[in-house]
Each structure stands twice: as structure tokens, then as C-alpha cells.
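Colleague: Could you look at this predicted model? Sequence included:
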Amino acid sequence: MSFIKRYFFTGLLVSAPIGATIYITIFIVEFISGLVPDQFNPNNLLPEFIGYKIPGLELLIAFLTFIFLGAIFSTLFGRSLLNYFDNLITRIPFAGNVYKAIKQITETFSNADAAYQKVVLIEYPRKGVHAIGFMTGSTKGEIKTKTNKEMVNVFVPTTPNPTSGFLLLFPVEDVIELDMSVEDAIKLVVSAGLVIPNE
């Protein structure tokens, strides 16, 4: 029984990431394919002409559609239209909150590398306890003048939602800079330490 149990759990641990990756990939492909309305889906008409469907055709159409939308919303007209839509949907009860939360999360991940300069390790909330933070720049203005110290701004995210957190100001000497990428640090925070960046 110990032999069976050991190899069963080994097989389970090995196949779980593979199975989950395949399942999630299929789910994403089917979800994106489902975004194509039936009246615009050539695969609904192809069986009548050639006798079979072309796998992945919906995915290609959805992919090209996203590129087209990205090109439109990159223009001045598209950005103005998007701002109008933002103002409109945020006024709707409940739907506005959901929209703002999802948009905030997507913007955090898409702009993380630009907004966060470095991943750092700081002692927080007390000495001897460390936390992952993102250095966003040097502290300037009144704060720097009155403290008379060289300080940096550090955003400390919360788990599992990295879009919320605390802005803390640390003296430069109290901040330990890390070599890990912003993406790896976000994975570490979101997974509550379960996903460890490769050494």
C-alpha cells in the first residue's frame, strides 16, 4: 500500500500542473471563440460548403478583432470614446464597481514594469519581519526637506490583491534591492508565497 500511495501521489503531483495548463488553455480558447457572434462565425457556414469546420478559426477571428480594437482605441478618437464609456458605466450601481475593480487589476499588471522601478525587501510591519515591496521612485519635496534624509517611496501590496496596499517611505539604507523581476514578485504576492521565483 505504501508503494501504491507513494507513486499515486507522485503521479498526481506531476500531472496536476500539466492537466491544469491544458484545461485552462482549452477554457481560454473556447471562451475567446465564444466571443464571436454566430452570425459572424464562418464555421457555422463552412460545413454546408466544404463539409467540415476549421478548428481554431474563431480564435483567429477573435485575435484579429482584438488587434483591430487595440488600433482603434490607440487613437485620439478611440481614447475619447473609451473615456466616455468609462464615465457612463461607472455610474451604474454594482456594474460600475465590478468594472472599476477589473480595470484596476488589468492596468496594474499591464503597467507594473513601467510604474515599479525595482523590487525591494523592507522590514515591515516591525523589525525582523520582512515584506516584498515595489520602489516607485525617490521621495522629494516637503517630505525630503523636513526629514533631511535620502528616502525612497515603496509600495507594499496586499495578498492576494496586489492593487491595494500601503505607501511607505524608507531611508535608502533600510531598503534591500532584489534581482527578481516585477512579474515574479507579483506572482509571489498573489500566490501568498506558494509560487517561488526561479533562483
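Modeller: Cool, got the structure.
Colleague: quick one: low-confidence parts of the protein?
Modeller: Within the chain, the ranges that satisfy pLDDT under 70 run 33, 36, 40, 43, 45-56, 105-115, 198-199.
Colleague: In terms of helices and strands, where is residue 65?
Modeller: Assigned by DSSP states H and E, residue 65 belongs to helix 57-73.
Colleague: List the buried residues in that helix.
Modeller: The neighbour-count check on helix 57-73 (16 or more other CB atoms under 10 Å) flags 58-59, 61-62 as buried. Where you see a C-beta, it was placed from the backbone N, CA and C, and this is true even at glycine.
Colleague: List the contacts of the closest residue to residue 154 other than its chain neighbours.
Modeller: Leaving aside its chain neighbours, residue 154 sits nearest to residue 133 (4.1 Å; criterion: CB to CB, 6 or more residues apart in numbering). For residue 133, the contacting residues are 119-122, 124, 154-157, 168, 175, by CB atoms under 8 Å, 6 or more residues apart in numbering.
Colleague: my read: residue 196 touches residue 189, true?
Modeller: No. With contact defined as CB atoms under 8 Å, residue 196 does not reach residue 189; the gap is 11.9 Å.
Colleague: More neighbours: which of these two?
Modeller: residue 189 (22 against 11; other CB atoms under 10 Å).
Colleague: okay but that one is in contact with residue 155, surely?
Modeller: No. With contacts counted by CB under 8 Å, residue 189 stays clear of residue 155, the gap being 11.0 Å.
Colleague: Output the helix or strand hosting residue 84 as PDB - backbone C-alpha positions only.
Modeller: Here residue 84, judged by DSSP H and E, is contained in helix 76-89. Provided in PDB are the C-alpha atoms of helix 76-89 (Å, rounded to 0.1, in the frame of the first residue of the first chain):
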ATOM      1  CA  LEU A  76      -7.400  60.100 -30.000                       C
ATOM      2  CA  PHE A  77     -10.900  59.300 -31.100                       C
ATOM      3  CA  GLY A  78     -10.800  55.900 -29.500                       C
ATOM      4  CA  ARG A  79      -9.400  57.200 -26.200                       C
ATOM      5  CA  SER A  80     -12.200  59.900 -26.100                       C
ATOM      6  CA  LEU A  81     -14.800  57.200 -26.800                       C
ATOM      7  CA  LEU A  82     -13.300  55.000 -24.100                       C
ATOM      8  CA  ASN A  83     -13.300  57.800 -21.500                       C
ATOM      9  CA  TYR A  84     -17.000  58.500 -22.300                       C
ATOM     10  CA  PHE A  85     -17.800  54.800 -21.800                       C
ATOM     11  CA  ASP A  86     -15.800  54.700 -18.500                       C
ATOM     12  CA  ASN A  87     -17.800  57.700 -17.200                       C
ATOM     13  CA  LEU A  88     -21.000  56.100 -18.300                       C
ATOM     14  CA  ILE A  89     -20.500  52.600 -16.800                       C
END
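Colleague: roughly how far out does stretch 28-38 sit from the chain middle?
Modeller: For stretch 28-38, the separation from the chain centroid amounts to 21 Å (computed by CA atoms, centre = their mean, to the nearest Å).
Colleague: For residue 137, give me its contacts.
Modeller: Residue 137 touches 117, 152-153, counting by CB under 8 Å, 6+ apart.
Colleague: Alright, I will stop here.
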